[in-house]
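Novice: Sequence first, then the predicted structure, then my questions.
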Amino acid sequence: MKKIIYNALYWFVIQMIIVQLGTYISRKCLENGHIYFKSWPIEQEGQLWQKVVKVQYWKNHLPDGQRINSTIISKSNFDKSSHADEVRQFILETRRAEFVHLLSIVPVIVFAKSSSSVKMINLVYVVIANVPCIIVQRYNRPKLERVYLRKLKRKGD
């Protein structure tokens, strides 16, 4: 029982640290347009995720990061009819969220020398806790980028 408590405490502390550090990622870094954040051709502008895991049906049941950190822009407060600047900011927040969840997987290496069962339990946990959030960001971002581009086009007309 003691190991389970330490394990849970480890993940809680590590993930809270990563979330807090994630808020310090500069806007400039997120705007950089790194190739990782682009929709890959295989993703079909996010539609792959709907076909494979039916993301549209469960994405709204994921917890909102704003409950943990008030500096995070809440998905529940976001309105696609917002100004282009606000849509762009939300796109950057999807990048931040995806990066934070990707980084949150890395600490599983601490269990590399553990028994097979401990490795498996922690690997399953870290995948369940982070991969769905990454999928949602990769599903939503192409749509948000299309909305943003339409708003920019209208602004320029």
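Specialist: Yep, it's here. Predicted model only: the values in this text are computed from it and were never measured.
Novice: tell me the average confidence for stretch 50-59?
Specialist: For stretch 50-59, the mean per-residue pLDDT is 95.
Novice: Format the CA atom coordinates belonging to that stretch as PDB.
Specialist: Taking Å, rounded to 0.1, in the frame of the first residue of the first chain, the C-alpha atoms of stretch 50-59 are listed here in PDB:
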ATOM      1  CA  GLN A  50     -12.500  10.800 -35.300                       C
ATOM      2  CA  LYS A  51     -12.300   7.700 -37.500                       C
ATOM      3  CA  VAL A  52     -10.000   5.800 -35.200                       C
ATOM      4  CA  VAL A  53     -11.100   6.700 -31.700                       C
ATOM      5  CA  LYS A  54     -14.300   8.700 -32.200                       C
ATOM      6  CA  VAL A  55     -12.800  11.700 -30.400                       C
ATOM      7  CA  GLN A  56     -15.900  13.900 -30.900                       C
ATOM      8  CA  TYR A  57     -17.900  11.700 -28.500                       C
ATOM      9  CA  TRP A  58     -15.600  11.800 -25.500                       C
ATOM     10  CA  LYS A  59     -13.500  14.900 -25.800                       C
END
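Novice: can you pull the buried residues of it?
Specialist: Across stretch 50-59, burial judged by 16 or more other CB atoms under 10 Å covers 53, 55, 59. (Glycine included, C-beta is placed from N, CA and C.)
Novice: for stretch 123-132, same thing?
Specialist: In stretch 123-132, counting by 16+ other CB under 10 Å, buried: 126, 130, 132.
Novice: So which of those residues sit within helices?
Specialist: Among the buried residues of stretch 123-132, the members found in helices (DSSP state H) are 126, 130, 132.
Novice: which ones are touching the second one?
Specialist: This means residue 130. Contact analysis of residue 130 by CB atoms under 8 Å, 6 or more residues apart in numbering lists 101, 102, 104, 105.
Novice: Now, those that are in helices?
Specialist: Judged by DSSP H, these include 101, 102 as members of helices.
Novice: Most neighbours of all the contacts of residue 130, which one?
Specialist: Each of the contacts of residue 130 was scored for neighbours by other CB atoms under 10 Å, and residue 101 scores highest at 24 neighbours.
Novice: Pull up the gap between that one and residue 127, please.
Specialist: Residue 101 sits at a distance of 11 Å from residue 127 (criterion: CB to CB, to the nearest Å).
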